[in-house]
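Visitor: Build me a model:
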Amino acid sequence: MARVRTADRTLAIFETFETACRPMVLTELAARAQVPVSSCHGLVRTLLERGYLYSLGRRKDIYPTRRLLDVAQTIVHHDPLLERIGPVLQALRDNVRETVILGKRQGDLVLYLEVIPGLHTVRYAANTGEFKPLHSSAIGKALLGALSTEALADWLRTHPLPVITPRTLVDPTRLHADLARSRARGYYMTDGENVSDVAALAVSLLVHGEVLGFAIAGPTHRMNAQIDENAAHLLDAQRAIAKIFER
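Guide: So this is what the prediction gives:
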């Protein structure tokens, strides 16, 4: 699917403010967002008129208002998926104290739909809206493992498996064997394959005809010391969510 340039540039403006965390004049904003000044001027003017940005001082520094936050919070509050399974994911996080992530396949990547940060000071940090590879992430493995035998074989035959970390499984035969073992035990795992020193356990679930995945992720030393306990909580949550959608 082709990107729409105006939408892409508008999002780039907000992401630039996220990175800079301070007001900027138009020329700096355009340069940092990599948007032509003329195009940036038109977008900024529209966002000012719609109340998403405001300007301040003689330099006309620009910064976002709370409007985007308010709109986003209203949207998230009424998310029909998270409204139903959010409490289960929250309880899972409270039980394991590690970061819990919900994701779905988008093209040949995993899109994070929800991230509930762990309760430890040192924890795996991720953001909603991030994309991760299918072959090196725990959720990605769970989604691949949910494919039919024929579909998985076809995917492995036609897709490269790039190195993400030194521990990434880049041989299709090894990855296929790993997925088979994981399917047999009921959950999927990565150990430093997507992010060095981070391990994760994941399962998949069918929601309204679409396969989603959710995972527990944390520092390798802590996750590896509690694999059985964390896996038990993960599978309990999988069963709880399945019951929600049986009703």
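
Visitor: how about the most centrally placed residue in the chain, secondary structure?
Guide: The residue lying closest to the centre of the chain (C-alpha atoms, centre = their mean) is Y112, at 1.9 Å. Here Y112 takes the strand state, with states given by DSSP: H, G, I helix; E, B strand; the rest coil.

Visitor: Correct me if wrong: it contacts T99.
Guide: No - if you go by C-beta atoms under 8 Å, Y112 and T99 don't touch, sitting 10.7 Å apart. Placement of C-beta: from N, CA and C, glycine included.

Visitor: Mind checking what helix or strand follows the lowest-mean-pLDDT helix or strand in the chain in sequence?
Guide: Within the chain, no helix or strand scores below helix 67-77, which has a mean of 86 by mean pLDDT, DSSP states H and E. Heading C-terminal from helix 67-77, the first helix or strand you meet, by DSSP states H and E, is helix 80-96.

Visitor: That following helix: how far from the chain's middle?
Guide: In terms of C-alpha atoms, centre = their mean, to the nearest Å, the centre of helix 80-96 is found 15 Å from the chain centre.

Visitor: Likewise for stretch 203-217?
Guide: Counting by C-alpha atoms, centre = their mean, stretch 203-217 comes out at 13 Å from the chain centroid.

Visitor: Stretch 181-194 now?
Guide: 18 Å.

Visitor: Regarding it, how distant is the last residue from the first?
Guide: Here the two ends of stretch 181-194 are set 19 Å apart, with distance taken as C-alpha to C-alpha, to the nearest Å.

Visitor: May I see the buried residues of that stretch?
Guide: Within stretch 181-194, the residues scored as buried using 16 or more other C-beta atoms under 10 Å are 182-183, 187-194.

Visitor: re earlier: for the least confident helix or strand of the chain, packing partners?
Guide: Contacting helix 67-77 under the criterion 3 or more C-beta pairs under 8 Å, 6 or more residues apart in numbering; DSSP states H and E is no other helix or strand.

Visitor: what angle sits between that helix and helix 80-96?
Guide: Interaxial angle of helix 67-77 relative to helix 80-96 (axes from the mean of the first three to the mean of the last three C-alpha atoms, to 10 degrees): 80 degrees.
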